[in-house]
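this is a predicted model, with the sequence first.
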Amino acid sequence: MTAPTLGAALCRFVAVPSAAIAALVFAAMVAAALAAPWIAPQDPYDLRSVSILDNLLPPGEVAFDGTPYILGTDGQGRDMLSAMLYGLRISLLVGLASGVIALAVGTLVGLVAAFRGGWVDALLMRIVDLQLSLPTILVALILLVILGRGIENIIFALVVVQWAWFARTVRGVALVENARDYVDAARGLRLPPLRILFRHILPNCLPVLLVVATIQMAQAISLEATLSFLGLGLPPTRPSLGLLIANGFDYLQSGRWRISVLPGVVLLVLIVSVNVLGDRLRETLNPHLRG
Amino acid sequence: MVEFILRRVLQAILVLFVMTVLVFFGVHVIGNPIDLFVSSECTKACVDAIMANLGLDRPVWEQYLIFLGNLMAGDLGNSFTFGVPAMSLIWERFPATLELATAALVIALVLGLPLSIHAGLYPDSPVSRAIMALSMLGFSVPIFWIGIILILTFSVRLGWFPAIGRGETVDVLGVPVSFLTLDGLHHLALPAITLSLIMLSTVIRLTRAGLREVLTSDYIRFARANGVRETRVIGWHAMKNILIPIVTVLGMEFGSVIAFAVVTESIFSWPGVGKMLIDAISVLDRPLILAYLIFVVTMFVVLNLIVDILYSVLDPRVGRSAR
Amino acid sequence: MTKLGMALAAVLALAAPLPALAQNVLTIGVRSEAATLDPHWTQLSADLQVQEHIFEHLVDLDSSSQPVPGLAVSWQPINDTTWEFKLREGVTWHDGEAFNADDVIYSFDRLKAGIEGATASPAFQLAKGGKSWVNIDDYTVHITTTGPYPTMAEDLAMIPMVAEHVVPGKTPSMDFNSGAAAIGTGPFMYQEFSPGNRIVVTRNPNGWGGDPGWDEVVFRPAGDDSARLAALLNGDVDMIDYPPTVDLPALRENADFVVSTISSDRLIYMMPGYRHMEPYITANDGSPMMNPLRDWRVRKALSLAINREAIRDRIMGGASLPARNIVPPGFFGHVDDLVADAYDPDAAKALLTEAGYGDGFRMTIHGSNDRYINDARILEAVAQFWTQIGVTTEVDAMPRAVFFSDLIRGGADGFPGFDSPKFSMALTGWGTVAGEATYTVSGILETCNAATGGGNGNFGRYSNPSIDSRSVLAKQTIDRDARLALLQEATRMAMEDYALIPIHFQVNSWAMRAGLEHRPRTNERTLAVEVSRTN
């Protein structure tokens, strides 16, 4: 079972329409989030441009400063479209940043464990097992209670609950690769161990890491939304999608459901697209499961 | 074998110890619970008297040593909110959480198995595609969001189910359960469905994938070639082989379902330990927060230990490689 | 899935028991559950509102928190330091025993001895003024203080009476929850206590106050605002407290439901910091600056910049009372001619310029996000208003678990260095539970002094000797007219100096199904005797 090259995988990857659509949707969302400061009609963080007197306006109304509220305003007078673009930005930032850091930490730990073996491996893997045996939401929740709110803290908490998945995955693949002939040959050539690690073993871990990373990212975004709902996530003036949904709960029964449902739909589309990508990645990169 | 178990138990105790240190000092840094409990007219002298009464005026390391001492004696202290031993509150409310999680598991299996078998057998049918799309959706939707939507739809719009609380209970072996009464089931339905969604998706995806793999294996082809009836091939030969991994994964997922009950219970005001934890956090009820965590972590450690022991009995290599 | 689910849903829906309205039961969905039935354990509103169905006080508070006869029929000072209380005769405990002065003495003694592990005991109300007590006969009690003590009746309205004969000696707290000691004199009797799920009390047929109107009252906790409202809408409960304010207008217009509201005793205000340098105030370029809030014109400008009507109409669902007072109308000490500042951003900017801050400055304001009604959203609105007059304002709203310790002492206990308030401008609230301004003036306007207990809620560290002298004198003045004059003078001085920036008095709301009528009370409690049927 050799892993296919990434180029070939990519071709097979987009052959399935659902995956191609998911990739497009995800790319569009990332682009929108990146461009938020330029395309959003309002800067929801600048309290000069947000007015409580404009709150709960229906879509199409015009702001006190003349800009139209395309999707209406929320309970604080924020333009819904702008708030969602900025919220998407935060949700993506939290998901990506925590994913990337967790991937780096986990990969390092996994490689060290696989390469060193012995007691180092045993100790690290016990820590990993322990981490994986505790439910993610509970660990993140307690960490946030202790650390307090704030975007750095939520990213930290999400890294803590994610890194072990990467570590375990990388170690598994690295152990298999380590035993292969070409690595033995490289050793025979007296190549430095670090070079073997980064040139030969790490590239072979990448496909499976990519799969884990997508799944973890979807979970991280969803977890952040849940923690914000429980009042432990981000400050209220800089809402993520999750916080926008939770803030909108109050308005669900008074007929202004869009305040909660619109960000909910965006969040759902985001998570589904990432999950579809992850699914397709796994099928493409792991022929064993294809079918 | 004995050595293996002993070592795992020692590890578990070490884990618990490290956790108590982190959480104990953690909750002490956040704030002073007395500031939340006393009336605003209570002067500094009055606050100091209450703190002294509770032992909160001592240095934090001394408080920790006292806590450890009491823990050894099996005493986790009295809740600041309820004034009764924290452990008694947990025992009182854990059955409700367990009942909710079990109901979610049952729903996930009863709905998930038939659906996933269909999807596994006829992967290209439109129904199967719909099932898989739904499972993807269920996997992706944050459950707090689904919970509130279910309340609005089935409770407010249609008026079919109550929105809050647990129904009438009957005692079974001294434990109050609500699934044996009609009123109890009625109250259980919405929160259990909400909580089951994550597991439902896991069941569907695992079973389908397992079934697809098993169906192409040699012994299934052999059974079919020998004229064994199709229902028996699927219902017996195939299922036998995929149920074991499913049960294992669900056993582990069950723990996270209990953890996710924190969210479900908060929305539906279900009187379980999860909602109690959220309430305890919001008023910094330190003994109750610590007792809950010690209880839950112990539960997970014991569950994992049992799984590990079973594995090492079934597969002697596991015990050896852990050495 | 859908077929089976629908079938299951239909079966369960048909089998659903009808709401138990026929049996004269009142079911109340409450935001916070009661945690204990020991009335000496706690002063939390959530606990007290359930306990007050069972236990009573010598002095009751009427719906605007003014003292009225309870288990005592009359009280008066018989000299400068002694109050005489005449007890109501013919009152019986729920188990049939007669109530007399021994029970009063027992209740006081139990509280004074201290309740093991109690976090919010009303013991300090009893200790205030150095009270001591003695029973003269079965129906007369004398309470002596070390000096003249005007607010005796208000204090005793906080001290519940428990029965001496129920558990001899020291009654443990747990006995109240199990029902063994939950024997009171109130209009309802203990039936079931399972906190988190339901608490049930039943009609006391022998109550001295007559028929309470309900055979049974059930309290069901529902912490999530949307779920609590849903429970009312679908008939799970007859009545809820704290309906989400955004839904108030719709509920008022809906003929199937009734909303009751009353101004509460809780003032919501912005508390400025008065230190020479404040950690959360900087010049526009981020450099440190002398605290501009020490100039009263800046404080006035900030007050004028707040649009209190907008907060009321846009955030509070119409339910708030814009304020420039420290106790609400109807309370002893309210100053009628002080009316809330009108929104005037231009005058605010002019004042800032006059004070030398025409270009504004930067400030971070703090507050809780789970303590007062819509607290974080009010904070955000205030930040908008202030930013719009040039004071660039950031918001940090946090859970009350973090907020209050930081507000009071800058951090948690047990660690060194936490002994001064942290914030430079915070949104906070003060409830005048006694219905009387003496301890409000003393608590939030007097100079903070741990030795005298003055200013224990003054976390901005405001200090004004003219207010101090009046506050100290008021605490010793028994003559009501003289005390009223002192309290009103102190209030007026504070308001004219903008010692704090009042926003509004919270208005509490309840929502119930049509056919019920509720006479709400200012102290936020939901009492079944105040709910009646109209049909």
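Looks like it arrived, so ask away.

report how many residues lie close to residue 29.
No chain in the question, so chain A it is. 20 (other C-beta atoms under 10 Å in any protein chain shown). The way it works is simple: take the backbone N, C-alpha and C, and place the C-beta from them, glycine included.

chain C, not that one
C:Gly29 has 29 nearby residues by other C-beta under 10 Å.

with the one 10 residues further on instead?
Around C:Pro39 sit 28 other residues, with neighbours defined as other C-beta under 10 Å.

ok so it is a helix residue?
No: looking at C:Pro39 with DSSP: H, G, I helix; E, B strand; the rest coil, it is coil, so not inside a helix.

that one touches C:Pro160, doesn't it?
Yes: at 3.6 Å, C:Pro39 and C:Pro160 qualify as touching, with contact defined as C-beta atoms under 8 Å.

what's the helix or strand hosting C:Thr428 in contact with?
Using DSSP states H and E, C:Thr428 falls within strand C:425-431. With contact meaning C-beta atoms under 8 Å, 6 or more residues apart in numbering or on different chains, strand C:425-431 is reached by B:40, C:264-273, C:278, C:280-281, C:293, C:326, C:363-368, C:371-372, C:375, C:378-379, C:382, C:403, C:407, C:440, C:443-444, C:457, C:459-460, C:503, C:506, C:523-524.

one more pass at 7 Å, please.
B:40, C:265-273, C:363, C:365-367, C:372, C:375, C:378-379, C:407, C:440, C:443-444, C:457 (C-beta atoms under 7 Å, 6 or more residues apart in numbering or on different chains).

among those residues, name the ones in strands.
Mapping these onto strands (DSSP state E) picks out C:265-272, C:363, C:365-367.

of those residues, which pair is most distant in space?
Spanning the widest gap among the ones in strands among the contacts of strand C:425-431 are C:Asp265 and C:Met363, at 29.2 Å by C-beta to C-beta.

higher neighbour count, those two?
C:Asp265 (27 against 23).

measure how buried residue 161 is and give me the count.
No chain specified, so I'll use chain A. A:Val161, neighbours per other C-beta under 10 Å, totals 25.

my bad, chain C
The number of residues near C:Met161, taken as other C-beta under 10 Å, comes to 26.

hang on, isn't it packed against C:Phe55?
Yes: assessed by C-beta atoms under 7 Å, C:Met161 is found in contact with C:Phe55 at 6.5 Å.

how many neighbours does A:Phe198 have?
12.

now swap in C:Arg275 and tell me
With other C-beta under 10 Å as criterion, C:Arg275 counts 15.

show me where the stretch 151-291 of chain A has its strands.
Counting by DSSP state E, counting those that start in this stretch, one finds no strands in the stretch 151-291 of chain A.

near chain B, which residues of it are found?
Applying C-beta under 7 Å from any C-beta of the partner chain, one finds that the stretch 151-291 of chain A approaches chain B through A:218, A:222, A:225-226, A:229-230, A:245, A:249, A:252-253, A:264, A:268, A:271-272, A:275-276, A:289, A:291.

quick one, which of the residues you listed are buried?
Buried subset of those (neighbour count, 16 or more other C-beta atoms under 10 Å in any protein chain shown): A:218, A:222, A:225-226, A:229-230, A:245, A:249, A:252-253, A:264, A:268, A:271-272, A:275-276.

right, and the pair among those with maximum separation?
Maximum distance among these (C-beta to C-beta): 32.6 Å, for A:Gln253 and A:Val276.

enumerate the residues of chain C near chain A.
C:225-226, C:229, C:244, C:246-247, C:250, C:310, C:314-315, C:369-370, C:376-377, C:380-381, C:383-384, C:387-388, C:393, C:395-399, C:402.

can you rerun that using 8 Å?
C:225-226, C:229-230, C:233, C:244, C:246-247, C:249-250, C:307, C:310-311, C:314-315, C:369-370, C:376-377, C:380-381, C:383-385, C:387-388, C:393-399, C:402 (C-beta under 8 Å from any C-beta of the partner chain).

return a PyMOL selection command for the buried portion of those residues.
Restricted to buried positions by 16+ other C-beta under 10 Å, the PyMOL selection for the residues of chain C next to chain A reads:
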select buried, chain C and resi 225+226+229+230+233+244+246+247+307+310+311+314+315+369+376+377+380+381+383+384+385+387+388+393+394+395+396+397+398+399+402
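
just the ones of the residues of chain C next to chain A in helices?
C:225-226, C:229-230, C:233, C:249-250, C:310, C:376-377, C:380-381, C:383-385, C:387-388, C:402 (DSSP state H).

low-confidence ranges in chain B?
B:244-245, B:311-323 (pLDDT under 70).

strands of that one, start to end?
Using DSSP E, strands in chain B cover B:170-172, B:175-177.
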